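# what shape does this take:
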Amino acid sequence: MNTFRIVTGICAGLAIGSTALAAGQAMNADSPAVEKLKSKLPSTQGFEVKDVRTGTDGTSCITYVVADSVGTHHAVVEGDNVLRDTTGNTRFENSWNKKCVKGS
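Numbering: from 1, shown residues only. Next comes the predicted model:
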């Protein structure tokens, strides 16, 4: 194998990753949006962020787990407004689909 090609590929991958970080697309479990979500949860025992995506408008889409519930959960955080995926929460569903689902 050509060592130059391998090194070039690695550098290109790092550059792409750095661009994603700069654009706010990478996970930031210590973000103000995560802290805002945690402040709205009934319990943060076992709280763990699985993914955070922040759009250009500042809206954060968060996937997380907590110890006292089953499965992963989702939240949309826009400033002080926190919408969680509780049963029947159509405001959350609409916001998640508009702000967080790829291709929307």
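
# quick one: low-confidence residue ranges for this structure.
Filtered on pLDDT under 70, the chain yields the residue ranges 1-27, 103-104.

# show me where it has helices.
3-22, 32-40, 90-99 (DSSP state H).

# beta partners of the spatially most central residue of the chain?
Here the mean C-alpha position of the chain is nearest to the C-alpha of residue 52 (Cα atoms, centre = their mean), at a distance of 1.5 Å. Beta-bridge pairing of residue 52 under DSSP bridges involves residue 62.

# contacts only, for it.
By Cβ atoms under 8 Å, 6 or more residues apart in numbering, residue 52 lies in contact with 27-29, 31, 33-34, 60-63. For the C-beta atoms, the positions are set from N, CA and C on the backbone; glycine is no exception.

# residue 59 too?
Counting by Cβ under 8 Å, 6+ apart, residue 59 makes contact with 76-78, 99-100.

# quick check: ChimeraX command selecting the buried ones in those residues.
Per 16 or more other Cβ atoms under 10 Å, the buried members of the contacts of residue 59 correspond to this ChimeraX selection:
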select :76,77,78,99,100
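
# closest to residue 38 among the contacts of residue 59?
Nearest to residue 38, judged by Cβ to Cβ, of these is residue 77 at 10.4 Å.

# for the closest one, which non-adjacent residue is spatially closest?
Of all residues not flanking residue 77 in the chain, residue 33 sits nearest, at 4.0 Å (Cβ to Cβ, 6 or more residues apart in numbering).

# that neighbour: how many residues sit nearby?
Other residues within reach of residue 33, judged by other Cβ atoms under 10 Å, total 21.

# just checking, it touches residue 60?
Yes. With contacts counted by Cβ atoms under 8 Å, residue 33 reaches residue 60, the gap being 3.5 Å.

# which one of the contacts of residue 52 sits closest to residue 84?
The closest of the contacts of residue 52 to residue 84 turns out to be residue 62 (Cβ to Cβ; 9.3 Å).

# if we can go back for a sec, want to throw the contacts of residue 52 into TSV with distance to residue 43?
TSV is the format used below for these (distance: Cβ to Cβ, whole Å):
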residue	distance to residue 43
27	22
28	22
29	18
31	20
33	19
34	15
60	21
61	22
62	16
63	18
